[in-house]
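Engineer: Here is the input, now give the coordinates:
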Amino acid sequence: MYHSLVALLLLLLSARAMAYDFPLEITEYIDDVKVIAYLNESEVGNEPQWTPFEGPPALSIADALDAVQRHIKSDAEFADVTLMGIELKQIPHHAKRWHYLVKVRFKLEGSTRPHFFIVLMDGKVISAIKRPDSIK
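Structural biologist: Here you go, the predicted model:
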């Protein structure tokens, strides 16, 4: 009886652990800056696929910038935003899955600061961070 209970408990716990959506780390470079963003595998699997040279991406550059603008509109920290760059990049180890990497600059307390966003082909915007330089 005890072994059956332990086996049932292990089965329940392992099923729950297998259902966990592990984060996917995306590491990119833009203007010699290393940028990292984290998203769930399920987010990558739900976005539209794209094959280069077989038509336009599911999300245009204008739509990606519009998604970023809507995302930052609700955050008062992002005042006076300037676009510094946008690049179309493949999600590592995911064939036919692409995203935009967007770099903006905004004013905060009298100085300008960069900020980075990943925009998936379904229009989802994810904030990315500049990876700190390694300690030598």
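
Engineer: Beta-bridge partners for Phe117, please?
Structural biologist: Val102, Ser127 (DSSP bridges).

Engineer: tell me the contacts of Lys107?
Structural biologist: Contact partners of Lys107, counting by C-beta atoms under 8 Å, 6 or more residues apart in numbering, are 79-80, 113. In this view, the C-beta of every residue, glycine as well, is placed from N, C-alpha and C.

Engineer: Which of the residues you listed fall within strands?
Structural biologist: Those of these mapping onto strands are 79-80, 113, per DSSP state E.

Engineer: Looking at these, which is nearest Glu25?
Structural biologist: Nearest to Glu25 out of the ones in strands among the contacts of Lys107 is Arg113 (C-beta to C-beta; 22.9 Å).

Engineer: how many other residues sit next to the spatially closest residue to that closest one that is not a sequence neighbour?
Structural biologist: Of all residues not flanking Arg113 in the chain, Phe106 sits nearest, at 6.1 Å (C-beta to C-beta, 6 or more residues apart in numbering). Number of residues near Phe106 (other C-beta atoms under 10 Å) recorded here: 17.

Engineer: Over to Val102?
Structural biologist: By the criterion of other C-beta under 10 Å, Val102 has 24 neighbours.

Engineer: hmm, back to that, please check the ones in strands among the contacts of Lys107 and keep the buried ones.
Structural biologist: Listed as buried from the ones in strands among the contacts of Lys107 is no entry at all; burial here means 16 or more other C-beta atoms under 10 Å.

Engineer: hmm, back to that, residues in contact with the residue nearest to Arg113?
Structural biologist: Phe106 sits next to 77-82, 112-113, 115 when contact means C-beta under 8 Å, 6+ apart.

Engineer: Please apply the same query to Ile30.
Structural biologist: Residues in contact with Ile30 (C-beta under 8 Å, 6+ apart) are 85, 87, 101, 103, 116.
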